[in-house]
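K.L.:
give me coordinates for this.
(chains A and B, ligands or ions: 2)
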Amino acid sequence: MAQGKRCRLSDMKPGDRFRIEKVDVPDPMLKRRLLDLGFVPGGEVKVGPRSPLGDPTAYRVCGTTIALRKEESDYIYGEKIRHD
Amino acid sequence: MTDMTYTIALMGNPNTGKSTLFNVLTGLRQHTGNWPGKTVTHAEGEFTYRGATYRLVDLPGTYSLYSNSADEEVARDFLLFERPDMTIVVVDATALERNLNLALQVLEMTGRVIVAVNLIDEAKKKGIHINTKKLAAKLGVPVVPISARNREGIDALLDTVDAMAHGRINTTPLSIQYSPDIERGIAKLLPLVKDIMGDTYPARWIALRLLDGDASLLQALKQPPQLLIKEGNAYACCGSVKSV
Ligand SMILES: Nc1nc2c(ncn2[C@@H]2O[C@H](COP(=O)(O)OP(=O)(O)OP(=O)(O)O)[C@@H](O)[C@H]2O)c(=O)[nH]1
Ligand SMILES: [Mg+2]
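P.N.:
Ligands and ions are numbered 1, 2, ... in the order given. A predicted model of the protein is given here:
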């Protein structure tokens, strides 16, 4: 755990850079899918634009852009590295 | 002289150039249709090389074989039930880390794999150098750099296909070691799986899937999809030109 600063990917704003610490999902199928999409502990995510309705949000991870809904990004925990 | 027909599966993440490679290899001799019972399109075609005929199947692009989308089930079932003579995993040279996830999953199912590192031109532009020799040594299967769009590396890929088809390549696919708990589970299940399923299926892989509680796989094993039934006429009319 990172100095108690742990937050959810869903709390991040466009432009934020985020380091994943834990993918903690009650549904094992969803966990598998998030890992397979590249949301793995230690990985870095850049938050892209949100769709006009606020959901889903585009994330840049492992060299590809992946869109996640809030109920998916809610389960990805980590810390904000910086904003650019 | 046409001696044998070998089936090759093309797999890879979405957008890695599978269809581009498919078109380069098969030219116009292809056929598209749906998998029986699934709304997932696929293309298959043929080509000949050094006297052998190859049936090439362009599988849907996926990041994984285990998230149970229709695309992933089609790709998994093809490997499992159709047992292609070899599988070419097309990976994106500019995003290897992401792409190797699927490659490693495929290597757990079959060792008859060639990894084609595509978009090597894009990688060069970005200053990315891929050490294919080292990658091949780590993965235990041949790795061939290509640029499908520029038709680069295709001869080397075909030579590798030819060598694998004729048994001139011995692969030692990387086998991932899991935690002691999981390995104990695998060891327990292995003899049972082999007993029930025989040698036609990758036993270690099935044991792993069982430990993972993969309900979709159990369903498929109970009722293997009818992948082997080809859409006879449509296929026959487009793949009939054979070189001598
Ligand atoms: N620069 C470059 N672009 C390529 C190369 N091979 C394919 N492309 C391009 O990459 C894009 C995707 O190619 P496709 O062949 O459709 O990829 P695919 O893997 O079949 O994609 P899906 O079927 O959607 O999974 C196309 O715009 C191709 O022109 C290559 O070697 N170099
Ligand atoms: Mg395609």
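K.L.:
how far does the helix or strand where B:R55 lies sit from its chain's centre?
P.N.:
Per DSSP states H and E, B:R55 falls inside strand B:52-58. Mean C-alpha position of strand B:52-58 versus that of the full chain (CA atoms, centre = their mean, to the nearest Å) differs by 12 Å.
K.L.:
low-scoring stretches of the chain, by residue?
P.N.:
Picked chain A for this. For chain A, the stretches flagged by pLDDT under 70 are A:1-4.
K.L.:
that's the wrong chain, I wanted chain B
P.N.:
B:1-3, B:28-41, B:225-244.
K.L.:
burial count for B:S216?
P.N.:
Here the number of neighbours of B:S216 (other CB atoms under 10 Å in any protein chain shown) works out to 17. The way it works is simple: take the backbone N, C-alpha and C, and place the C-beta from them, glycine included.
K.L.:
what's near enough to touch it?
P.N.:
Counting by CB atoms under 8 Å, 6 or more residues apart in numbering or on different chains, B:S216 makes contact with B:68, B:73.
K.L.:
what of B:R50?
P.N.:
B:D162.
K.L.:
could you pull out the strands in chain B for me?
P.N.:
B:5-12, B:30-34, B:41-49, B:52-58, B:86-92, B:113-118, B:143-145 (DSSP state E).
K.L.:
tell me who's in contact with B:G61.
P.N.:
Shown in contact with B:G61 (CB under 8 Å, 6+ apart): B:12-16, B:18, B:71.
K.L.:
and A:R82, how far is that from A:G15?
P.N.:
Plainly put, A:R82 is 9 Å away from A:G15 if you go by CB to CB, to the nearest Å.
K.L.:
which of these two has more neighbours?
P.N.:
Higher neighbour count among A:R82 and A:G15: A:G15, with 12 against 8, using other CB under 10 Å.
K.L.:
give me the phi and psi angles of the more buried one.
P.N.:
The phi and psi torsions at A:G15 (degrees, to the nearest 10) take the values phi 100, psi -20.
K.L.:
my guess is it contacts A:V45, does it?
P.N.:
No - with contacts counted by CB atoms under 8 Å, A:G15 stays clear of A:V45, the gap being 11.8 Å.
K.L.:
for ligand 1, what's the nearest residue on chain B?
P.N.:
B:G61 (2.3 Å; CB to the nearest ligand atom).
K.L.:
could you find the closest non-adjacent residue to that residue?
P.N.:
In this structure, B:G61 finds its nearest non-sequential neighbour in B:P14, 3.5 Å apart by CB to CB, 6 or more residues apart in numbering or on different chains.
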